[in-house]
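>>> have a look; sequence and predicted model below, questions after that.
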Amino acid sequence: MAKMRAVVYYEPFNMKVEEVDIPAIGANEILVKVKAVGICGTDVNYYYGNTAVMTEDGKGPLILGHESSGIVEDPGILGASMGFKKGDKVAVNPFAACFCCVPCLNGEYNECDNMRINGVSVNGSFAEFVKAPVSNVYKIPDDMSFEAGGLAEPLACANNSVRKLHLQPGMTTVVFGCGAIGLMDVQLVRACGSAKVIAVDVDDYKLDMAIKLGADFAINTVDKESKYYTENIAAKVRELNGGRLAHRALLPTGAMAAWHQALEVTRAGSTIVYFGQPYSADDVLHINALEALTSDRNICFAWLAPLVWDNVFNELASGQVKVEDIITHKFSLDDVVEGIKFMRESKEKKIKGMIIID
Ligand SMILES: [Zn+2]
Ligand SMILES: [Zn+2]
């Protein structure tokens, strides 16, 4: 069996570069030579033991990494019949639905009963090769960078969240959290018609980036030294918005303080979409029942990224969503552990780290 280099996770703080078998593909699978992989919060949480891995027994060994792009190594039988060839530039959707269960047959692929997720429940892309079903492999244009293709997955999640906002032209939208997905959301809510985009974070570096990528205003809710600092976020939103609260709030953050602030900055009839992962399984969102009722609000949640993948590549190719500035740090396959530690522990200014495999 041919071998490849991969970074294998065994248990928290135990992950190492090893020689392992190249994945054998089934008739409906494509083998991809990995070129770029994003380091996601999920990878960081797995490494530090903040969340249990989603393998059947909740344990390693598991190759992490789920935000990847690369080139087709072997298109497989079905892939070849659908026009995939060795050498095609592709991005991989890590969420493989079964297309057979009741949620799948209802089009709710994100709630599939038999979901297999590269790098989360089955082997992923911190490796020279990864396999995925044909339905999860997308050709990308030759002039699109592997880095951009690797960010298709978080961008797909951002798209799903914005889809649920039901934006209309002229609306004011507050985006809480300006990490990689938040910075994509800032651009997407603008593209979907928001006339005013207000970005909220606790870090001026990220807020400066949000302004650079199209936000009109920035609010720092914590750092009193910040030029964007405000003590009363609802009053500030009113001030920035002609005396009225916002039409929409989007939360690509799991910070409960922000989840509650979203209720304060939005008006009657507003829509709020929550989709950042809460930091703790015990976190609770408190909503005043009477106020929620009489303000006729839509309080929504967005999970994963069904039905949006097609659009993602148009956004990247057209420049409607720019991701170059979002990728702040790059590491090699040998330095995955270093990269993960850097993303969690380093005080350096950073947004997204990526693994680049030559
Ligand atoms: Zn991710
Ligand atoms: Zn299913």
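Okay, I see it. Ligands and ions are numbered 1, 2, ... in the order given.
>>> pull the contacting residues for Val197.
Contacts for Val197 (C-beta atoms under 8 Å, 6 or more residues apart in numbering) come out as Thr172, Thr173, Val175, Val186, Val189, Arg190, Gly214, Ala215, Asp216, Phe217. Glycine gets a C-beta too; all of them are placed from N, C-alpha and C.
>>> how far does the helix or strand in which the third one is found sit from the chain's center?
Read that as Val175. Using DSSP states H and E, Val175 maps to strand 172-176. Here the centre of strand 172-176 is set off from its chain's centre by 18 Å, with C-alpha atoms, centre = their mean, to the nearest Å.
>>> what pLDDT, on average, does the helix or strand just after it get?
With elements assigned by DSSP H and E, the helix or strand that comes after strand 172-176 is helix 180-191. Across helix 180-191, pLDDT averages out at 98.
>>> about what we covered before: listing partners with orientation, what would you give for the strand holding Val175?
Sheet pairing for strand 172-176, assigned by DSSP bridges, gives strand 196-201 (parallel), strand 246-251 (parallel).
>>> can you give the contact residues for it?
Applying C-beta under 8 Å, 6+ apart, the external contacts of strand 172-176 come out as 165, 167, 182, 185-186, 189, 194-201, 210, 215, 237, 241, 244, 246-253, 255, 258, 261-262, 265-266.
>>> I'd say Arg267 and Gly243 touch.
No - Arg267 lies out of contact with Gly243 (C-beta atoms under 8 Å); the separation is 10.9 Å.
>>> of these two, which one has the most company?
For Arg267 versus Gly243, the count of surrounding residues by other C-beta atoms under 10 Å is larger for Arg267: 16 against 7.
>>> on that earlier part again, now do the strand holding Val175, average pLDDT.
Across strand 172-176, pLDDT averages out at 98.
>>> can I get that strand in CSV, CA atoms only?
Taking Å, rounded to 0.1, in the frame of the first residue of the first chain, the C-alpha atoms of strand 172-176 are listed here in CSV:
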residue,chain,number,x,y,z
THR,A,172,-28.7,48.1,8.8
THR,A,173,-26.9,44.9,9.9
VAL,A,174,-24.8,44.4,13.0
VAL,A,175,-22.2,41.6,12.7
PHE,A,176,-20.8,40.4,16.1
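>>> that's a strand at Gly353, yeah?
Yes - the assignment for Gly353 by DSSP: H, G, I helix; E, B strand; the rest coil puts it in a strand.
>>> ok, it touching His329?
Yes - counting by C-beta under 8 Å, Gly353 touches His329, with 4.3 Å between them.
>>> quick revisit: next, the angle from the strand holding Val175 to helix 180-191.
Strand 172-176 runs at 170 degrees relative to helix 180-191, counting by axes from the mean of the first three to the mean of the last three C-alpha atoms, to 10 degrees.
>>> residues of the protein that sit close to ligand 2?
By the rule C-beta under 5 Å from the ion, the part of the chain lying against ligand 2 is Ala97, Cys98, Cys101, Cys104, Cys112.
>>> and the closest residue to Asn50 other than its chain neighbours, which of the three is it?
Spatial nearest neighbour of Asn50, excluding adjacent residues (C-beta to C-beta, 6 or more residues apart in numbering): Val44 at 7.9 Å. Assigned with three-state DSSP, Val44 falls in the helix class.
>>> quick check, Val44 in contact with Met343.
Yes - counting by C-beta under 8 Å, Met343 is a contact partner of Val44 at 5.5 Å.
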